[in-house]
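A.B. asks: Okay, predicted coordinates and the sequence, questions at the end:
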Amino acid sequence: MTDNANAEGSGSAAGGGVPPPAPPPAPAPEQPVLTIGDIVVSAHWVVTPVGNTPLAGSMWMMSDQSQRVKKHPWWTILLAILLFPIGLLFLLVTNEETYGYMEVKVRGTGLAYTSQVPIVGPYAAQTIRQQVAQAESMAAAVDSS
């Protein structure tokens, strides 16, 4: 028993017997209001994969890198050939496809981040524009209060 007592006594003398104080608990995360690609906007914060910044004072920019392409479906070409000359009317049928991405940039205190959000449909670019406009208005509202 004296060996255990000496071992415990020597450990506490070196400072190993008292655990360090626990760090304060992290504040509860805010509910996300918007998600633009991998950028999450809450009521007071902008959260990105590389860091966080306050929403107040954040600057938002975007650039549209999408394209619209009109294509003839394969069946229109086939019917135009088989039913020539009336079949040429089938060439009036086209499909419009939108593809590419939107670049959304956010700058804040100690943070600059660019996200490339893929365009997956004809209205996706408009939706992203609306989300960026909402983030800008939220930042302006937080700045004024």
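C.D. replies: Nice, thanks for sending it over. Residues are numbered from 1 along each chain as shown.
A.B. asks: Strands along this protein, start to end?
C.D. replies: For the chain, strands defined by DSSP state E occupy the ranges 32-36, 39-42, 45-48, 51-54, 59-71, 95-108, 111-118.
A.B. asks: which other helices and strands contact the first one?
C.D. replies: It refers to strand 32-36. Applying 3 or more C-beta pairs under 8 Å, 6 or more residues apart in numbering; DSSP states H and E, we find strand 32-36 packed against strand 39-42, helix 124-144. Every residue, glycine included, has its C-beta placed from N, CA and C.
A.B. asks: If we use 10 Å, what do you get?
C.D. replies: strand 39-42, strand 45-48, strand 95-108, helix 124-144 (3 or more C-beta pairs under 10 Å, 6 or more residues apart in numbering; DSSP states H and E).
A.B. asks: just for the chain, where's the confidence low?
C.D. replies: When residues are selected by pLDDT under 70, those of the chain lie in 1-16, 21-28.
A.B. asks: re earlier: could I get the helices and strands packed on strand 32-36 as JSON lines with mean neighbour count?
C.D. replies: Formatted as JSON lines, the helices and strands packed on strand 32-36 follow (neighbours: other C-beta atoms under 10 Å):
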{"stretch": "strand 39-42", "mean neighbour count": "20"}
{"stretch": "strand 45-48", "mean neighbour count": "21"}
{"stretch": "strand 95-108", "mean neighbour count": "16"}
{"stretch": "helix 124-144", "mean neighbour count": "16"}
